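*Asks:* The sequence isn't on hand, but the structure is:
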């Protein structure tokens, strides 16, 4: 006697379960082409690389802007303080405080 098979509209449902010893099939991953790998050379390649690394995604771009803002502020502050100290010797509070006479004890 022939075993009864139910009528199924989807033929995939009749496939046996996959063997657990075999790895699951994977689809080939598409490698994303960056702008730098599209044949640019010289400055264009560098510009495209910077774009690919820092500006392609807005989340990365926002972090880069915040980091550049903090670094720029610290750098500008250090630069201005150095220029002021070179052009105004003896006028900083540490130098003035050292030249004051000691306070009298009452």
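*Replies:* Great, that's in hand. Keep in mind the model is a prediction, meaning the values are calculated, not measured.
*Asks:* packing partners for the helix ranked longest in the chain?
*Replies:* Longest helix in the chain, counting residues (DSSP state H): helix 58-87. Packed against helix 58-87, as judged by 3 or more Cβ pairs under 8 Å, 6 or more residues apart in numbering; DSSP states H and E, are no other helices or strands. (Glycine included, C-beta is placed from N, CA and C.)
*Asks:* Just the mean pLDDT for that helix, thanks.
*Replies:* Averaged across helix 58-87, the pLDDT comes to 96.
*Asks:* What of stretch 97-106?
*Replies:* 82.
*Asks:* give the contact list for residue 61.
*Replies:* Contacts for residue 61 were tallied using Cβ atoms under 8 Å, 6 or more residues apart in numbering; they are 54, 55.
*Asks:* try 10 Å this time
*Replies:* Residue 61 is in contact with 51, 54, 55, counting by Cβ atoms under 10 Å, 6 or more residues apart in numbering.
*Asks:* Can you report how many residues neighbour the last one?
*Replies:* Taking other Cβ atoms under 10 Å as the criterion, the count of residues near residue 55 is 11.
*Asks:* Same question for the second one.
*Replies:* Here the count is done by other Cβ under 10 Å, and residue 54 has 14 residues near it.
*Asks:* nearest spatial neighbour of it, skipping sequence neighbours?
*Replies:* residue 64 (4.9 Å; Cβ to Cβ, 6 or more residues apart in numbering).
*Asks:* Identify, from the contacts of residue 61, the entry nearest to residue 68.
*Replies:* residue 54 (9.8 Å; Cβ to Cβ).
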